[in-house]
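Peer 1: Predicted model, plus sequence, below.
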Amino acid sequence: MIGAIHSVSHALDTRGLKLLSRIVDLVSRILFAASLPGRASIGKNVFFHHSGLGVVINGASVIDDNCEIGVHVVLGGRAPIIGAPHLERGVIVHAGARIIGPITVGEGSVIGANAVVLSDVPPRSLVVGVPGVVKRTGIEIDAYQH
């Protein structure tokens, strides 16, 4: 549901209807306590667990196709550094994780619950901890999917 609301907001934003886009963003904030601005780029088949409850996405973030986002996930900026996270195709981010700054999480990677990720993640890696560290590489994403 929140993905559909974001799609409307994103379409309005790309057509230059910024005020209407922000009104739609407000609806998702009220209904789901989530912040998914229309400026953010979210691909196809992105699944938000529990309707995206408490998710906060920076407007400059990019989420590619087939990703899974848990509750209370933050994809945020890291002032004064410019930019926001990019989740490549098939990334899974578990509940409470924070991915901060202009970093790339490689295709098919998994971010563990409550991890704080501050640097790039190679493809097909498992990241856990505070700060997040790569615990395993070459993982098969099927074992972690919803």
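Peer 2: Done, it's in.
Peer 1: What lies in contact with the longest helix seen in the chain?
Peer 2: Ranked by number of residues, the top helix in the chain under DSSP state H is helix 18-32. Helix 18-32 is contacted from outside by 1-2, 5-6, 8-10, 12-13, 34-39, 51-55, using Cβ atoms under 8 Å, 6 or more residues apart in numbering. (Glycine included, C-beta is placed from N, CA and C.)
Peer 1: Kindly recompute the last result at 7 Å.
Peer 2: 2, 5-6, 8-9, 12-13, 34-38, 51-53 (Cβ atoms under 7 Å, 6 or more residues apart in numbering).
Peer 1: Flag whichever of those residues scores worst on pLDDT.
Peer 2: Lowest in pLDDT among the contacts of helix 18-32 is I2, which has 73.
Peer 1: for the contacts of helix 18-32, which one is nearest S109?
Peer 2: G52 (20.1 Å; Cβ to Cβ).
Peer 1: So G38: helix, strand or coil?
Peer 2: Going by DSSP: H, G, I helix; E, B strand; the rest coil, the secondary structure assigned to G38 is coil.
Peer 1: in the protein, which spans are helices?
Peer 2: All helices of the chain, identified by DSSP H, fall at 2-14, 18-32.
Peer 1: Need the CA coordinates for the last one. CSV is fine.
Peer 2: Included here for helix 18-32 are C-alpha records, laid out as CSV according to Å, rounded to 0.1, in the frame of the first residue of the first chain:
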residue,chain,number,x,y,z
LYS,A,18,5.8,19.4,-6.0
LEU,A,19,3.0,20.7,-3.7
LEU,A,20,0.6,17.9,-4.6
SER,A,21,3.5,15.4,-4.2
ARG,A,22,4.1,16.7,-0.7
ILE,A,23,0.4,16.4,0.2
VAL,A,24,0.5,12.8,-0.9
ASP,A,25,3.7,12.3,1.2
LEU,A,26,1.8,13.7,4.2
VAL,A,27,-0.9,11.0,3.7
SER,A,28,1.8,8.2,4.0
ARG,A,29,3.2,10.0,7.1
ILE,A,30,-0.3,10.1,8.7
LEU,A,31,-1.3,6.6,7.8
PHE,A,32,1.9,4.7,8.2
